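Visitor: for reference, the sequence and a predicted model appear below.
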Amino acid sequence: MNAPATNSEKTAPITIQRGAPGEESWTETFDVPWRAGMSVLDAIVWVRTHADSSVAFRYSCVNANACKECIVSVNGKTVYACTQRLLEEGTEVGPLTNKTLIRDLVTDIVPPKENLRTILAERAKG
Amino acid sequence: MIHLETDVLVVGAGGAGMYAAIAAARNGADVILADKSLISRGGATIMAQMTTAAALGDEEPDSWEKHYEDTLEAGRGLCNEELSAILCREAIDRIRELDDWKVGWARKDGNITGVMAPGHSVPRCVYVDFLNTGPAVAKCLRTQVARADTVMRVSGLAINDVVVEDGVVTGAVGWNLEDETPVTIAANAVIIAAGGLTRLYQRNSASVNMNGDGYAMALRAGADLIDMEFPQFFPIGHLAPRLVGMDPIMWDPFRYKLGGRLFNAKGEEFLHKYGGEDAEKYTTTRDIISYGITKEHEAGLTTENGGVHLSFQHIPEEKLREAFGPVIDKLAANGIDLTKDTVEVAPIAHYHMGGIRVNGQMETSIAGLYGAGEVVGGANGANRLSGNAIPEAFVFGERAGRFAAEYARGRNRVWSDAAAQEHLDLLNTLISRQADASGDKAALGEMWFELQNLMWDKVGVLRTGDKLAVALTRIRELRIALADMVPADDAEFNMTLQDWYDLRSALLTAESVTLAAINRTESRGAHQREDFEKMDSSQEQNQRLRLGDDGALLSDYLPVAKGVAA
Ligand SMILES: Cc1cc2nc3c(=O)[nH]c(=O)nc-3n(C[C@H](O)[C@H](O)[C@H](O)COP(=O)(O)OP(=O)(O)OC[C@H]3O[C@@H](n4cnc5c(N)ncnc54)[C@H](O)[C@@H]3O)c2cc1C
Ligand code: FES
């Protein structure tokens, strides 16, 4: 968001895994305007802004690599989307596979003691 | 639906919210600490890199009074002097308390060490190396919050509205992001610690959660805002080349430690033309540098990307490495060698001076409603000194927690579903409307895009009455358009429902900033009008905004609160 825009028409494809638990997942590919040095996060933000705002993705700090919320799987590797560069030839993004899926790219990375459902379940147990 | 009860609800878990929760708990209250993102991670606090101003006086003589004088001077006549005094006096206690909690302040010869920052008369900005102040503070407070038995921490709980009945706060309404469940919370006191608004601008240093929720929530609850025309533009935000994994405001710490020089596209230093100082010294305040760069841009003297050059080329590599250690390697990974390359920088929206109007106990004009942190206005007037925001979060957070606990403890819980109904109805309508979602899948994203560009172009660093009027008209149209927009049909982590609520806050907050900027027909601090270039002493007043019964914003002026209460 903070990088200068260029006028080049070049795009790069990003393929995003979609779906919630209990449904068959599918992928969607979006052609994102290419800017040299852009991150996978830049591309996902572009998709949410200009193509499909419903793509579920967890992130906060955008550039600082401080919140550590944007952890996803990119081309099969666990990375932070905000520090991973987008590849011109194509990038595949999916949710972490070792965490419970919530929807699309979002997994349950909330510590159990901070999760409302878990807190209430613990309380109900007494 | 889920219903919860507590003495004190804290909305937002950054530095202010976490400190408030700790203080409320140690003053005997049960607390719910809710964040729409993850506790300690969602806002500005964890992103802060370095400066935390406090007149410790360990290294060289200093006093809170000196810090206070510097703060007032930077504030260009608009500081609420009581709040500024509290900030400067209690910053010392909070910094020492965090030291006891082992936050890891950088030390020299055994003393906590401070750097000089523009506008401060003494090197008093303490930090954690390297560029690690925010993460260290966030982790430290998070540990303390976790130790407080009476604090229930909830991540992924977005608060939409404060519930007020007969002029008294009774709780709040929100929703659990993970499964879209409406949540009501009965609370004797509510502390709004939801952070700032800089995401409203296209160029910003914000996290996605800094979209003005706190201001809008306070207005809708009936509280006052002040000084909303004063978002602060950070002058040397990173522009090019694209860096990843580094915050755009990262160059400031380099300048505190090493100086550095600014050149326009022709290779000339330019700050002296605007009342600043060139060369090595980093003394010129933020408002003047932002103004200077924007003026150079208008004169066609900036780079192709619209920025100026920042150079550390004259500084030997060993010195760079000594000052920044691993950060130099991160830059190298991004293809930047500071001994050879300059970087391009330009202003970026960074902080908000204005905000919720509170007294010294952090109370708003609504009984039981408190504010803390960046969302509060007054302490920094028309321009904030670097390093004053983190202590503001700690000091105001601690006070809000303490006074809210005193107010809330032992009070009867008053909750009626009826008072919360309009807020719940809105949420339920939005959820049930999702079934009709169709058409433009990016309509909410595009509205964000339009708003950010509008604010940047028309309500940015240099303003005119005409540009502001165009912005106001369009923001009002967007507010009307939003009412009919439909979030997507997703039960889990519904981003578009969040966008909808974020935009509701962002638009009301944007309207507040724009209206206040129209009304202030002078230039002062961060508010620069090209059609009124001079400061006008008759406008040395705080502008207050409130929401009228018909939903329109009302503006009037209050004399600046002068004098320090004991
Ligand atoms: C990149 C960057 C660098 C900075 N560097 C410095 C520096 O060096 N020195 C300095 O003094 N200041 C600095 N600042 C400013 C300073 O960090 C902030 O002013 C301060 O941290 C604000 O703290 P806070 O607790 O008020 O808000 P935040 O830390 O922003 O926390 C607000 C929290 O509220 C949550 N929230 C928002 N809305 C809701 C809602 N509706 N429901 C539930 N939760 C909600 C957010 O998710 C967030 O977690 C910097 C700011 C930025 C962005
Ligand atoms: S967005 Fe915060 S670490 Fe990636």
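Guide: Everything's here; your move. Residues are numbered from 1 along each chain as shown, chains lettered A, B, ... in the order given. Ligands and ions are numbered 1, 2, ... in the order given.

Visitor: mind listing the strands for the stretch 301-450 of chain B?
Guide: Listed in chain order, the strands found in the stretch 301-450 of chain B under DSSP state E, counting those that start in this stretch are B:308-311, B:343-352, B:355-356, B:369-371.

Visitor: who does B:Tyr370 bridge with?
Guide: B:Ile191, B:Glu363 (DSSP bridges).

Visitor: from memory it sits against B:Asn188, does it?
Guide: No. Using CB atoms under 8 Å, B:Tyr370 and B:Asn188 do not qualify as a contacting pair, with a distance of 11.2 Å. Just so you know, the C-beta spots here come from the backbone N, C-alpha and C atoms, and that holds for glycine as well.

Visitor: re earlier: now mean neighbour count and distance to B:Leu385 too, for the strands of the stretch 301-450 of chain B, in a markdown table please.
Guide: As requested, those are arranged in a markdown table below (neighbours: other CB atoms under 10 Å in any protein chain shown; distance: least, CB to CB, whole Å):
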| stretch | mean neighbour count | distance to B:Leu385 |
| --- | --- | --- |
| strand B:308-311 | 20 | 21 |
| strand B:343-352 | 26 | 11 |
| strand B:355-356 | 28 | 17 |
| strand B:369-371 | 30 | 20 |
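
Visitor: and those: which comes nearest ligand 2?
Guide: Proximity to ligand 2 (CB to the nearest ligand atom) singles out strand B:343-352 among those, at 17.0 Å.

Visitor: if I look at the closest residue to B:Ile289 other than its chain neighbours, how far off is chain A?
Guide: Distances taken as CB to CB, 6 or more residues apart in numbering or on different chains put B:Pro235 closest to B:Ile289, at 3.4 Å, once the chain neighbours are dropped. Per CB to the nearest CB, to the nearest Å, B:Pro235 is found 14 Å from chain A.

Visitor: how about the helices in the stretch 401-550 of chain B?
Guide: Applying DSSP state H, counting those that start in this stretch to the stretch 401-550 of chain B gives helices spanning B:417-433, B:443-458, B:465-483, B:495-519.

Visitor: quick one: residues contacting the residue nearest to B:Arg463 when sequence neighbours are not counted.
Guide: In space, and not counting its chain neighbours, B:Arg463 is closest to B:Arg529: 5.1 Å by CB to CB, 6+ apart. For B:Arg529, the contacting residues are B:462-465, B:517, B:520-523, by CB atoms under 8 Å, 6 or more residues apart in numbering or on different chains.

Visitor: show me the shaky parts of chain A.
Guide: By pLDDT under 70, the weakly predicted segments of chain A are A:1-8.

Visitor: what does it have sitting close to ligand 2?
Guide: Residues of chain A lying near ligand 2 by CB under 6 Å from any ligand atom: A:41, A:59-62, A:65-70, A:80, A:82.

Visitor: kindly recompute the last result at 5 Å.
Guide: A:59, A:61, A:65, A:67-68, A:70, A:80, A:82 (CB under 5 Å from any ligand atom).

Visitor: for the nearest residue to B:Leu503 once chain neighbours are set aside, give its distance to A:Arg18.
Guide: In space, B:Leu503 comes closest to B:Leu482 once its chain neighbours are excluded; the distance is 5.5 Å by CB to CB, 6+ apart. Applying CB to CB, to the nearest Å, the value for B:Leu482 to A:Arg18 is 26 Å.

Visitor: okay, and the beta partners of A:Phe30?
Guide: A:Ile14.

Visitor: show me the contacts for it.
Guide: Contacts of A:Phe30 (CB under 8 Å, 6+ apart): A:13-14, A:16, A:43, A:46-47, A:51-52.

Visitor: and those residues, which two are the farthest apart?
Guide: Taking CB to CB, the two most distant members of the contacts of A:Phe30 are A:Pro13 and A:Asp52; they sit 14.6 Å apart.

Visitor: nearest residue to the spatially most central residue of chain A in space, please, no chain neighbours.
Guide: Chain A has A:Phe57 as the residue nearest its centroid, 4.2 Å off, counting by CA atoms, centre = their mean. Closest residue to A:Phe57 apart from its sequence neighbours, by CB to CB, 6+ apart: A:Leu105 at 4.6 Å.

Visitor: same check on B:Ile2?
Guide: Leaving aside its sequence neighbours, B:Ile2 sits nearest to B:Val183 (CB to CB, 6+ apart; 4.7 Å).

Visitor: wait, that neighbour touches B:Gly171, no?
Guide: No. Between B:Val183 and B:Gly171 there is no contact under CB under 8 Å: 10.3 Å.

Visitor: ok, these two, which is more surrounded?
Guide: Regarding B:Val183 and B:Gly171, a neighbour count based on other CB atoms under 10 Å in any protein chain shown identifies B:Gly171 as having more, with 30 against 22.

Visitor: am I right that that one sits in a helix?
Guide: No. If the criterion is DSSP: H, G, I helix; E, B strand; the rest coil, then B:Gly171 is strand and not within a helix.

Visitor: let me have the residues of chain A next to ligand 2 in a markdown table, extended by secondary structure.
Guide: Listed next are the residues of chain A next to ligand 2 as a markdown table, based on three-state DSSP:
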| residue | secondary structure |
| --- | --- |
| A:Tyr59 | coil |
| A:Cys61 | coil |
| A:Asn65 | coil |
| A:Cys67 | coil |
| A:Lys68 | coil |
| A:Cys70 | coil |
| A:Tyr80 | strand |
| A:Cys82 | coil |
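
Visitor: intersect those residues with the contacts of chain B.
Guide: By CB under 8 Å from any CB of the partner chain, the members of the residues of chain A next to ligand 2 lying near chain B are A:59, A:61, A:65, A:67-68, A:80, A:82.
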